[in-house]
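S.K.: quick one, fold the following:
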Amino acid sequence: AASLQNPPFACKDDDLKKETARMVVGVLAKIKEPGEIMKAINALDPAAQDALMKYIYRGWDLAQPSKVNAALLTWHAQMVSALGKGIVCRAVMNARAV
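M.R.: As a prediction, this is how the structure comes out:
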């Protein structure tokens, strides 16, 4: 939760950013049921939801195994379903990277 509440946007250490992203993606990959995903999404404030979507995209950038990529697709779909397409726009248009 701390990585979503206070993402390392200003951090200059790329290795730390990658490790943080791997940690977040690892947690996401363990939550697979759509109902549980929705509960997790709805429990976050809007800034944390935006950070979560950035971590989903960052996860794909990290060349994860196919099972992890499939989990990220499920999370992505649930995020768009719950929050609309604006969540995608904010994640890809905001230059601050996680």
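S.K.: next, the residue located most distally from the centre of the chain: secondary structure please.
M.R.: In the chain, the residue that sits farthest from the middle, by CA atoms, centre = their mean, is Lys12; the gap is 19.6 Å. Here Lys12 is recorded as coil under DSSP: H, G, I helix; E, B strand; the rest coil.
S.K.: show me what contacts Trp60?
M.R.: Counting by CB atoms under 8 Å, 6 or more residues apart in numbering, Trp60 touches Asn69, Leu72. The way it works is simple: take the backbone N, C-alpha and C, and place the C-beta from them, glycine included.
S.K.: element containing it, please.
M.R.: helix 46-61 (DSSP states H and E).
S.K.: if I look at Ile37, how far off is Tyr57?
M.R.: Here the criterion is CB to CB, to the nearest Å. By it, Ile37 lies 16 Å from Tyr57.
S.K.: er, Arg90 actually
M.R.: Relative to Tyr57, Arg90 is positioned 11 Å away (criterion: CB to CB).
S.K.: what's the neighbour count on Met53?
M.R.: By other CB atoms under 10 Å, 24 other residues sit near Met53.
S.K.: no, scratch that, I was asking about Cys89
M.R.: Cys89 has 11 neighbours, counted by other CB under 10 Å.
S.K.: my read: Ser3 touches Tyr55, true?
M.R.: Yes: between Ser3 and Tyr55 a contact is recorded at 7.5 Å, counting by CB atoms under 8 Å.
S.K.: I'd like the next helix or strand past the lowest-mean-pLDDT helix or strand in the chain.
M.R.: One helix or strand of the chain scores below all others by mean pLDDT, DSSP states H and E: helix 2-5, with a mean of 85. Where DSSP H and E defines the elements, the next helix or strand beyond helix 2-5 is helix 14-30.
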